[in-house]
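In: Curious how this folds, go ahead:
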Amino acid sequence: MKRKIAFLMTAIMTIGLAACGSNSSTESTAIGEEKSSETASTSTDGKTIKFGVIAPLTGPHAEYGQGFDAATQIAVEEINAAGGVNGYKLELECQDSAADAKTSSDIFTRYAEDDSIMAVIGDFTSSCCKANAPLAEEYGLVQISPTASDPSYASMSDYCFTVMYNQSTAAPWTAESVIGHYLGKKSCAVMYLNTDWGVSTNDYLLQGLNDAGIELLGDEAYAENETDFSSVISKLKATDADTVVILDQGNVPNIINQIRNTGWDCQIVTLGPGASDQLLDLCGDNANGLVIPCPSYITEDNPTTADFYKKFYEKNQCAPTDHSLCAYTCVQVLAAAIKSIDGEVTREAIKDALKNVSYDGMAGHTEFNEDGGVNRDLLIIQVENGQYEIKEEYGYK
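Out: Next comes the predicted model:
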């Protein structure tokens, strides 16, 4: 049954987070450039299966977009080296959305009208993914996002999926388990990104704080292209809160540095960026004490993640985050779905197979619910002496 759909848009502005550069071997095509394909079949050519990747390779989320590019390459290279999927080799094409909803939709439309593209991996933000949902439904083309966690996204179409945890469960858990139980706080202030993702995550967090009996001392939004957060920080600092929660991804290092530069020695919790080495590099000592709920922590000395870490670092010259691992997982999940198809591999067949796929990998167990989403347990990670430390394992209540 097809679901009703809606869309919103986001805007972007470049900040200095894109320090790690993707050594991309995938094709990157400008929006205005003509495609050579003229036919509109939705089946493979018997030799290759091609996925389109939409990612913010530039802009405030560039670290994560470049991570998408590198991680999907790694997954495809591994699968092809092992013989491919049911005789097919996998290919990728990656294009830059810069986390702009209109640009993302333009790319999605071009992919949808290219018969060689069998599924789309991306985009990074929930806003972009929601803007593309009507197109996924219209063209019958799967959009599987590594990171969209807005609870309303995946249910917008039968062709929409995400492998990221859902904020309807993660944000309340952060309120009760991280702020209330782990940190033992009775009150806090919140600042959040004024996008679809930020607004919905904030709503769920506030409900969680209320249910846990934690007093909300201040709640302030800001635009995604903001670079000066002094006004918001000043308002929250004036509440005398000793804990502030930041709901964001790319802006987090800048916000942390500006908080510390005001002399506000508060406990900082952030839900969104994952355990990013970029954050540590940009914040230095300002990151000490930071608490991050995170569904995975990828290190080079963990036997489970060491090979992926090494391959990713070679491509991107920085450590992977959970967001990159989720992009890797998207390729693996699509491959598992294709492997289960008995007959012609079409866009429709891929969509139907994804509903029943079951995959266990470095990001844990992936199995989609009826809305195309997944639930994932979170770790509690804290920065100590400039390094991330896992303080509480999965299942912490």
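In: So what's the model's average confidence on the host helix or strand of I233?
Out: Using DSSP states H and E, I233 sits in helix 230-237. For helix 230-237, the mean pLDDT works out to 98.
In: ok, now stretch 193-208?
Out: On average, stretch 193-208 scores 94.
In: Can you mark which positions in that stretch are buried?
Out: Buried residues in stretch 193-208, counted by 16 or more other CB atoms under 10 Å: 193, 195-202, 204-206, 208. (Glycine included, C-beta is placed from N, CA and C.)
In: now swap in stretch 206-217 and tell me
Out: The neighbour-count check on stretch 206-217 (16+ other CB under 10 Å) flags 206, 208-209, 212, 214, 216-217 as buried.
In: ok, now how distant is D277 from A287?
Out: As judged by CB to CB, to the nearest Å, D277 and A287 stand 11 Å apart.
In: Hmm, I typed the wrong one, I wanted D360.
Out: According to CB to CB, D360 stands 32 Å off from A287.
In: what does G372 give?
Out: Taking CB to CB, one finds G372 at 34 Å from A287.
In: And for E138?
Out: 44 Å.
In: Tell me which of those two has more neighbours.
Out: Taking other CB atoms under 10 Å, E138 and A287 do not tie; A287 has more neighbours (25 against 13).
In: Quick check: chain neighbours aside, which residue is closest to the residue positioned nearest the centre of the chain?
Out: Central residue of the chain (CA atoms, centre = their mean): T147, 2.3 Å from the mean position. Spatially, and ignoring its direct neighbours in sequence, T147 is nearest to M164 (4.7 Å; CB to CB, 6 or more residues apart in numbering).
In: which residues touch the one you found?
Out: Taking CB atoms under 8 Å, 6 or more residues apart in numbering as the criterion, M164 is in contact with 145-149, 295, 326, 374, 376.
In: and if you look at W197?
Out: Shown in contact with W197 (CB under 8 Å, 6+ apart): 125-127, 148-150, 167.
In: mind giving me a markdown table with these and columns for neighbour count?
Out: Below are the contacts of W197 laid out as a markdown table (neighbours: other CB atoms under 10 Å):
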| residue | neighbour count |
| --- | --- |
| T125 | 33 |
| S126 | 29 |
| S127 | 28 |
| A148 | 33 |
| S149 | 27 |
| D150 | 27 |
| Q167 | 27 |
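In: Can you tell me which of those comes closest to S105?
Out: Of all these, S127 has the smallest distance to S105: 10.7 Å, by CB to CB.
In: low-scoring stretches of this protein, by residue?
Out: For the chain, the stretches flagged by pLDDT under 70 are 1-46.
In: tell me the strands in the stretch 151-300 of the chain, going along the chain?
Out: 160-162, 187-193, 215-222, 243-247, 267-271, 291-294 (DSSP state E, counting those that start in this stretch).
In: Most tightly packed of the ones you listed?
Out: strand 160-162 (a mean of 27; mean count of other CB atoms under 10 Å).
In: Can you list the neighbours in contact with that one?
Out: Contact partners of strand 160-162, identified using CB under 8 Å, 6+ apart, comprise 129, 133, 136, 142-149, 153-154, 354, 368, 372-374.
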